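> Pasted the sequence and its predicted model underneath.
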Amino acid sequence: PKGTMAFTGKYEFEGDENYDAFVQKIGLSSDKVEMGRNCKIVTEVVQNGNDFTWTQHFPGGRTTTNTFTVGKEADMETFGGKKFQATVKLEDGKLVAEFPNYRHTAEISGGKLVEISTSSGVVYKRTSKKIA
């Protein structure tokens, strides 16, 4: 199908909306809240058909990698370092995952990686620009 390789690339954090309200909702500890604020995260995505490797490089050398196949349950790790299992789905060109306390979507829009996390009505949006 057309557009299956749309996600592959390297993206650098550009901006976000509603960060504080969202991290309070999901109960992120205050040290992690400060660490994540305007954090120049670089997200690296390798897509091979329905198989994805999604790596986030944090300043200071920490990385998290989630490897998953669309439609199959996979071991994942959240933003705050919690491990859980989720099945990532593809809906209207967006990757959709139900995290333990929020719903996360990712899409490529206008050449940017747009990620939206929703928890109890609070919508957090993060935009990253393509750098490679």
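Nice, thanks for sending it over.

> Could you pull out the strands in this structure for me?
Taking DSSP state E as the test, the strands found in the chain are 9-17, 42-48, 51-57, 63-69, 73-77, 83-87, 89-91, 94-98, 103-109, 112-119, 122-130.

> Switch the ones you listed over to CSV; also include distance to residue 29.
(C-beta placed from N, C-alpha, C; glycine too.) Shown next, in CSV, are the strands of the chain (distance: least, Cβ to Cβ, whole Å):
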stretch, distance to residue 29
strand 9-17, 19
strand 42-48, 22
strand 51-57, 18
strand 63-69, 16
strand 73-77, 16
strand 83-87, 17
strand 89-91, 30
strand 94-98, 22
strand 103-109, 20
strand 112-119, 16
strand 122-130, 17
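
> Just want to check the distance between residue 50 and residue 122.
Distance, residue 50 to residue 122, using Cβ to Cβ, to the nearest Å: 30 Å.

> Which one of those two is surrounded by more residues?
Counted by other Cβ atoms under 10 Å, residue 50 and residue 122 do not tie: residue 122 has more neighbours, with 16 against 13.

> got a list of what the more buried one touches?
18, 21-22, 25 (Cβ atoms under 8 Å, 6 or more residues apart in numbering).

> circling back to that earlier point, now distance to residue 30 and mean pLDDT too, for the strands of the chain, in CSV please.
Output for the strands of the chain, formatted as CSV (distance: least, Cβ to Cβ, whole Å; pLDDT from 0 to 100):
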stretch, distance to residue 30, mean pLDDT
strand 9-17, 18, 96
strand 42-48, 24, 95
strand 51-57, 21, 95
strand 63-69, 20, 94
strand 73-77, 20, 92
strand 83-87, 22, 91
strand 89-91, 33, 93
strand 94-98, 26, 93
strand 103-109, 22, 94
strand 112-119, 17, 95
strand 122-130, 17, 96
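
> gap between the residue positioned nearest the centre of the chain and residue 96?
In the chain, the residue lying closest to the centroid (Cα atoms, centre = their mean) is residue 115, at 5.8 Å. In this view, residue 115 and residue 96 are 11 Å apart by Cβ to Cβ.
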